[in-house]
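1. Below is the sequence, then the predicted model.
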Amino acid sequence: MAEMKRSAGRERQTRRQPSQVTAGREMESSTRQPVQAYVTCGGSKPDQPYVVPSNKRLVIEYVSGSVGCRNGQLWGIRLDTTVADVLVTHRLLWGPRQEGGETDSYLFAQLVHLYADPATKVRLDLNGSGTLVGKAAISGYLVEARPLVAVRRST
């Protein structure tokens, strides 16, 4: 990153030396493996989650997709992940109904920063009535899984 300095009416360009934090981030990013995958829910086929590889941890950075249903009966869109044996449901923001004949569509797209542990499933979950069919694209990266340290809370 370059920065401009003014000295006695003259401009000159100098380079900043990378800090240890920046160097650490660059080193860390070289071990990341990009991931793009679909997760599906509902319809005539079985749900299709994303299964995290057994020696990796998934970091999800972006989620987008659509849900189809009849009569606008969608109440919520969620993405389920597991960390340290705790399943957490993350609610996703979705847009207004787009009417189209017998089926309505809802779109969603959101920047996130979610984690999923090795050998766990990332699932799309839909709330509503009637037949709901959804498909989400997730993108992010895999990193080497480090053992988790249990933290106990005092009561």
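-> Cool, the structure landed. Residues are numbered from 1 along each chain as shown.
2. list the contacts for the residue nearest the centre of the chain?
-> Closest to where the C-alpha atoms of the chain average out (CA atoms, centre = their mean) is residue 60, at 2.9 Å. Residues near residue 60 by CB atoms under 8 Å, 6 or more residues apart in numbering: 79, 81, 112, 113, 114, 115, 116, 122, 138, 139, 140. (Glycine included, C-beta is placed from N, CA and C.)
3. mind running it again at 10 Å?
-> Listed by CB atoms under 10 Å, 6 or more residues apart in numbering, the contact set of residue 60 reads 35, 37, 50, 79, 81, 90, 112-116, 122, 138-141.
4. Spell out for me the PyMOL command that would select the buried members of those residues.
-> Applying 16 or more other CB atoms under 10 Å to these, the buried members can be selected in PyMOL as follows:
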select buried, resi 35+37+50+79+81+90+114+115+116+122+138+140+141
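5. follow-up on the earlier one: hey, what's the residue nearest to the centre of the chain bridged with?
-> Beta-bridge partners of residue 60, counted by DSSP bridges, are residue 114, residue 140.
6. Span of stretch 115-125 from start to end?
-> 17 Å (CA to CA, to the nearest Å).
7. The one helix or strand residue 91 maps to: partners in the sheet, and parallel or antiparallel?
-> For residue 91, the host element (DSSP states H and E) is strand 86-92. Strand pairing for strand 86-92, using DSSP bridges, gives strand 74-83 (antiparallel).
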